[in-house]
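Asker: Give me a model of this one.
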Amino acid sequence: MSIEITKVTARIGAKVSGVDISRPLAAEEVAAVREALNVHKALVFDDVRLDDEGQQAFARHFGELTTAHPTVGAVDGAPHVLPVDSERGRANHWHTDVTFVLNPPQASTLRSITVPPYGGETLIASAAAAYRDLPEPLRRFADTLWAEHTNDYDYAVPDEEVDEERAAQRAEFTSITYRTAHPVVRVHPLTGERGLFIGGFAQRIVGLSAGESRRILDLLQAYVTRPENVLRWRWSQNQLVLFDNRITQHYAVDNYDGRPRRLHRVTVAGDVPAGIDGKESYSIEGDASHYTPVLTAA
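Answerer: Got it, this is the predicted structure:
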């Protein structure tokens, strides 16, 4: 193999070269990419020559795919591909993909389709580095907490900015209500690392009031988004980013003056999260079986 892994920052992110992801990968190549993902959390592939089918084929090396989204429509003719399009809204809020379901995706791929002439970066944060940064008393406290995640709110658009079109998008996003309780500290099933499993869909700490929950979540979230823990990626044409959705958060920066920006997302089905005591997440409301199978750790 000639795969090369080059770190982008000290705590998160690496560029991968020496592998052609437009063709089927050998088992040892898949293992090398998986190991790099475990270590670096987010991997960048330059000059990829992929269409939607090729992106799906690459993602399938890491497990069975989810459909595009539990409630939002897919690309026409490609039920596993979600258009991340500035015309359909902007996810300028920290989140981990689809944590409001019982088993969120284990990994996400984003491929550049239309890149604005400036701005439009994607920020990706290491939840593992955030957990390691916590002072010991706060770490012990976080270890005991569970949070309720839900899609029943709009995570990108303030109420005062909702026009008729965005109201329709919000209605689609919340057309099925999901509520799931996850451990605030998730143990990664492959590496054993602990990470803060929170983000924008985490709306309440189990057993606490909304106000108390918000103060605690904001405190923990501040560790996730420390600049040292964040990769800021400026997109170019024909790039693909693969990130570990079990132990990262991301944010699409809205700094491109409304210019066209489009990525395509394909996600790999995940396992049910577990906390430090081995207790697994549990569903409160909403059936996502049409969106994702429940997998054992992979």
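
Asker: Is Val19 within a helix or a strand, and which one?
Answerer: Following DSSP states H and E, there is no helix or strand that holds Val19.

Asker: Ser17 and Pro105: what is the separation?
Answerer: 25 Å (CB to CB, to the nearest Å). The way it works is simple: take the backbone N, C-alpha and C, and place the C-beta from them, glycine included.

Asker: If you count surrounding residues, which of these two has more?
Answerer: More crowded of Ser17 and Pro105, by other CB atoms under 10 Å: Pro105, with 26 against 13.

Asker: mind listing what the more buried one touches?
Answerer: With contacts defined as CB atoms under 8 Å, 6 or more residues apart in numbering, the neighbours of Pro105 are 66, 97-98, 245, 267-270, 292.

Asker: Distance check, it against Asn238.
Answerer: From Pro105 to Asn238 the distance is 23 Å (CB to CB).

Asker: repeat for Val185
Answerer: From Val185 to Asn238 the distance is 37 Å (CB to CB).

Asker: of those two, who's got more company?
Answerer: Using other CB under 10 Å, the more surrounded residue of Val185 and Asn238 is Val185, with 25 against 15.

Asker: wait, the more buried one sits on Leu196?
Answerer: Yes - counting by CB atoms under 8 Å, Leu196 is a contact partner of Val185 at 6.6 Å.

Asker: Which neighbours do the two have in common?
Answerer: In contact with both Val185 and Leu196: 131, 142, using CB under 8 Å, 6+ apart.

Asker: would you say Arg34 is within a helix?
Answerer: Yes - counting by DSSP: H, G, I helix; E, B strand; the rest coil, Arg34 is located in a helix.

Asker: what number of residues lie near it?
Answerer: Residues near Arg34, counting by other CB under 10 Å: 18.

Asker: Repeat that for Val19.
Answerer: Around Val19 there are 18 residues (other CB under 10 Å).

Asker: Once you drop chain neighbours, what's closest to it?
Answerer: Spatial nearest neighbour of Val19, chain neighbours left out: Ile3 (4.9 Å); criterion: CB to CB, 6 or more residues apart in numbering.

Asker: Tell me if I'm right that that neighbour and Val16 touch.
Answerer: Yes - counting by CB under 8 Å, Ile3 touches Val16, with 6.6 Å between them.

Asker: Please say which of these two ends up with more neighbours.
Answerer: Val16 (21 against 15).

Asker: can you pull out the strands in the stretch 1-150 of the chain?
Answerer: Using DSSP state E, counting those that start in this stretch, the strands of the stretch 1-150 of the chain run over residues 4-7, 14-17, 42-45, 82-85, 107-114, 122-126, 146-150.

Asker: what does the average pLDDT come to for the longest one?
Answerer: For strand 107-114, the per-residue pLDDT values average out at 98.

Asker: Which positions within it qualify as buried?
Answerer: Under the neighbour-count criterion of 16 or more other CB atoms under 10 Å, strand 107-114 has 107-113 buried.

Asker: just the residues you listed now: which is nearest Arg215?
Answerer: The shortest approach to Arg215 among the buried residues of strand 107-114 belongs to Ser108, at 29.3 Å (CB to CB).
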